[in-house]
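Enquirer: Generate coordinates for the sequence data below:
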Amino acid sequence: MFKKYFIKLNTLLTSKEKKRLIILLLMMILGSFLEIAGIGALPVFIAVVAKPQLLEKYPFIHNHLIQFGIENSVQLLISGSIAIIIIFIFKNIYLGILNYKKAKTIFDIQLRMSYDLFSLYLKAPYTFHLQRNSSELLSNVYDCVKIIITGVMMPLMSITMELLLILLTIVLLLTVETEITLSTIAIFALTGFIYLRLTKKESTNFGQELNKLRTIVYKIVYEGFGGTKEIKILNREQFYINRFYDSSKRNALGMTHQSYINGLSKPILETIAIATMLIIAILLAKKNESVESVLPILALFGFASVRLMPSINQIIGGYSSIRYSLPNIDPVYNDFQQLNLEYTNRITEEKAKISIVFEREIKFKKVSYKYPSADTESLTDIELIINKGKAVAFVGSSGAGKTTIVDLLLGLLNPVSGKIIIDSEDLQQNISSWQKQIGYIPQHIFLADNTIRNNIALGIEESEIDDTKIWNSIKLSQLESLVNELPEGIQTEIGEKGVRLSGGQRQRIGIARALYHDPQILIMDEATSALDNITEKYIVEEIEKLKGTRTVIIIAHRLTTVQNCDTIFYLEKGELIDSGTFDELINQNASFKKLALIEN
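Expert: Predicted structure coming up:
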């Protein structure tokens, strides 16, 4: 189980990050040796101070001490104390640096991973977002990546460090008391194995469930806040509150389980450690060892136990955390694999092609499209031509395929068959080049919790915003009177989703945004549906002035919006039924005439 996850985790890391982790591992090895020096120094110091003649067995050390003028117990006590203090100061300074490096390396990986995943999501094909829930993506970017770092990588680093320390400590203890050390290892190993075996299944199950619960909770909160108005009118608040409580309760149960399992290891290990120390003392007494010789050994095992107990506790807790957190690797890994490949291929293909320049016409050549989850086609064999500088409209009842045509024109969707040709180039050859020439006004305008100015120039740094373009687009979108009435003008904050504006005002900001870049092609997808008739009339008149210099493409239910278009394309059930001017369609198409009569 672990192997497949660690292979995926290795794939998620860059070569630079792997090198940093190798350097960190070498630093951890050195840190473990320093820890061992700290563990071994105190028992040796106690033994030598208690019986200085022990040094005579080591002439090299004994002679050097004499050269430094250390010849009696008092001098040995003072100099030894200073040496141990220096060792511990150096050790702890180094370990402090190591801990900083470890945290810096790990959280740099988290930052890079979240950034890359968020970037891939925003650059993903439009069809990807049609099939995925935004709350799931949010959970992946923030929670899953965070848990991979704090629940897998950090415990893995701690386990590596503590295992190195335990290994070196065991080597040290084996050289002093082989039989007792082996017995102690057996006791701790058996206890740890039983503990992990008993908690394995539940930890894995809870980890998988919590991964799903986070997405559910995000979805409930997103829906609750997003539909506040309708929820209040329908008095459905308690429904969402209950759903949130139920999901959060299950989440709390899982977190309680993890906390309980991780905390259980400490009292168990503490009990075993105390019992082991007493057993060691009894065994040494039975060997008829003198108190003088027993004391250093007990001190060594005592210091080792005090230092190793947290290590063993961290290993068991870290292992539980890793096992609990591993399921979070799958959604991040899968999306990285899918989107990295798609994005890389698309960018490579587009870089190899020339830029698309729109000079004559847009031509649909037998274009068909079917949504990934749909059973039938939304568009079938569409053939039409839009000449540059003309104003055209797509009309038809709901489900006729109007929005699908616009999404294809915008490069958000790719035809399943047929081609969209810009002059002589296939639009799919360089979508980004084509999109730079388009101003798009949707029916539902996205507004950031920011100023009018920043919403019009969405996604542009404040220092790079051109205020001349801002005011030109404000005038064209009939926003000038509103802005002039506001005390802070274009610097007025509009609130989340533009709650401080009317529906028509929000729509006009969307129109101003599309006009800010002075696009060659203006696509309006029910863009005037939220406007009153007078404002709509003024905006339509302004947009009509663009004919000849700009190509205007309109989707509309209200036929009054498109009466003056050069060509109107009439759609039914994904097929292009007829085209012509407004008057021509009234005379030659009964269905279109019926639509016009219903509206009037």
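
Enquirer: Can you tell me how far the spatially most central residue of the chain is from Leu120?
Expert: Most central in the chain under CA atoms, centre = their mean is Val141, positioned 1.4 Å from the mean C-alpha point. Distance, Val141 to Leu120, by CB to CB, to the nearest Å: 10 Å. To be clear about C-beta, it is placed using only N, CA and C from the backbone, and glycine gets the same treatment.

Enquirer: re earlier: got the contact list for the residue nearest to the centre of the chain?
Expert: Taking CB atoms under 8 Å, 6 or more residues apart in numbering, we find Val141 in contact with 114, 117-118, 121.

Enquirer: Just give me the closest of the residues you listed to Asp467.
Expert: Lowest distance from Asp467 to these (CB to CB) belongs to Phe118, with 30.1 Å.

Enquirer: Low-confidence stretches in the stretch 51-200 of the chain?
Expert: Scanning the stretch 51-200 of the chain for pLDDT under 70 picks out 51-77, 80, 176-177, 188, 191-192, 195-200.

Enquirer: Would you double-check that Gly459 falls in a helix?
Expert: No - counting by DSSP: H, G, I helix; E, B strand; the rest coil, Gly459 falls outside a helix, being coil.

Enquirer: and it, how many neighbours does it have?
Expert: Neighbour count of Gly459, defined by other CB atoms under 10 Å: 7.

Enquirer: For it, what are phi and psi?
Expert: The phi/psi pair for Gly459 (degrees, to the nearest 10) reads phi 80, psi 10.

Enquirer: ok so, going back, helix/strand/coil for the residue nearest to the centre of the chain?
Expert: State at Val141, reduced to three classes by three-state DSSP: helix.

Enquirer: Name the member of the contacts of Val141 with the most neighbours.
Expert: Neighbour-wise, the contacts of Val141 (other CB under 10 Å) top out at Leu117, 23 neighbours.

Enquirer: Skipping its backbone neighbours, what lies nearest it in space?
Expert: What sits nearest to Leu117 in space, not counting adjacent residues and going by CB to CB, 6 or more residues apart in numbering, is Val141, at 5.3 Å.

Enquirer: roughly how far apart are that neighbour and Leu379?
Expert: Remark: distance between Val141 and Leu379 (CB to CB) = 33 Å.

Enquirer: about what we covered before: could the contacts of Val141 go into JSON lines alongside distance to Glu485 and secondary structure?
Expert: JSON lines is the format used below for the contacts of Val141 (distance: CB to CB, whole Å; DSSP: H, G, I helix; E, B strand; the rest coil):
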{"residue": "Ser114", "distance to Glu485": "42", "secondary structure": "helix"}
{"residue": "Leu117", "distance to Glu485": "43", "secondary structure": "helix"}
{"residue": "Phe118", "distance to Glu485": "38", "secondary structure": "helix"}
{"residue": "Tyr121", "distance to Glu485": "39", "secondary structure": "helix"}
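
Enquirer: With distance to Thr567 added, can I get those residues in a markdown table?
Expert: Shown next, in a markdown table, are the contacts of Val141 (distance: CB to CB, whole Å):
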| residue | distance to Thr567 |
| --- | --- |
| Ser114 | 47 |
| Leu117 | 44 |
| Phe118 | 41 |
| Tyr121 | 38 |
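
Enquirer: Do you have the strands of the protein handy? List them.
Expert: For the chain, the strands defined by DSSP state E cover 361-369, 379-387, 391-395, 417-422, 425-426, 438-441, 521-525, 551-555, 567-572, 575-580.

Enquirer: Export the ones you listed to a markdown table and append columns for mean pLDDT, mean neighbour count and distance to Lys593.
Expert: Formatted as a markdown table, those follow (pLDDT from 0 to 100; neighbours: other CB atoms under 10 Å; distance: least, CB to CB, whole Å):
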| stretch | mean pLDDT | mean neighbour count | distance to Lys593 |
| --- | --- | --- | --- |
| strand 361-369 | 93 | 18 | 25 |
| strand 379-387 | 92 | 17 | 21 |
| strand 391-395 | 90 | 24 | 12 |
| strand 417-422 | 92 | 18 | 30 |
| strand 425-426 | 88 | 16 | 37 |
| strand 438-441 | 88 | 21 | 28 |
| strand 521-525 | 88 | 22 | 24 |
| strand 551-555 | 89 | 24 | 20 |
| strand 567-572 | 91 | 21 | 10 |
| strand 575-580 | 91 | 17 | 11 |
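
Enquirer: Which among those strands is found nearest to Tyr100?
Expert: Tyr100 lies closest, by CB to CB, to one member of the strands of the chain: strand 438-441, at 47.9 Å.

Enquirer: The closest one: how far from the chain's middle?
Expert: Its chain's C-alpha centre and that of strand 438-441 lie 29 Å apart, by CA atoms, centre = their mean, to the nearest Å.

Enquirer: cool, stretch 324-337 as well?
Expert: On CA atoms, centre = their mean, the centre of stretch 324-337 falls 11 Å from that of its chain.

Enquirer: In that stretch, which residues are buried?
Expert: Neighbour counts over stretch 324-337 (16 or more other CB atoms under 10 Å) mark 324-329, 331-333, 335-336 as buried.

Enquirer: sorry, back to before: pick the one among the contacts of Val141 closest to Gln563.
Expert: Nearest to Gln563, judged by CB to CB, of the contacts of Val141 is Tyr121 at 41.3 Å.

Enquirer: shouldn't the closest one be in contact with Asn340?
Expert: No - in this structure Tyr121 lies outside contact range of Asn340 using CB atoms under 8 Å: 11.7 Å.

Enquirer: State the number of residues packed around the nearest residue to Leu164 once chain neighbours are set aside.
Expert: Using CB to CB, 6+ apart and skipping residues adjacent in sequence, the residue nearest Leu164 is Ser32, 3.9 Å away. Residues lying near Ser32 (other CB under 10 Å) number 20.

Enquirer: How about the contacts made by Ser32?
Expert: The contact partners of Ser32, taken as CB under 8 Å, 6+ apart, are 161, 164-165, 167-168.

Enquirer: For PyMOL, write the select line for the buried members of the residues you listed.
Expert: In PyMOL, a selection of the buried entries from the contacts of Ser32 looks like this (16+ other CB under 10 Å):
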select buried, resi 161+164+165+168
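
Enquirer: quick one on the thing from earlier: where helices are concerned, which of the buried residues of stretch 324-337 count?
Expert: Among the buried residues of stretch 324-337, the residues falling in helices (DSSP state H) are 324-325, 329, 331-333, 335-336.

Enquirer: Can you give me the pLDDT of Phe244?
Expert: Predicted confidence (pLDDT) for Phe244: 79.

Enquirer: for Ala400, that is, sorry about that
Expert: As predicted, Ala400 sits at a pLDDT of 86.

Enquirer: Setting aside sequence neighbours, what's the nearest residue to it?
Expert: Spatial nearest neighbour of Ala400, excluding adjacent residues (CB to CB, 6+ apart): Leu571 at 4.0 Å.

Enquirer: Lovely, talk soon.
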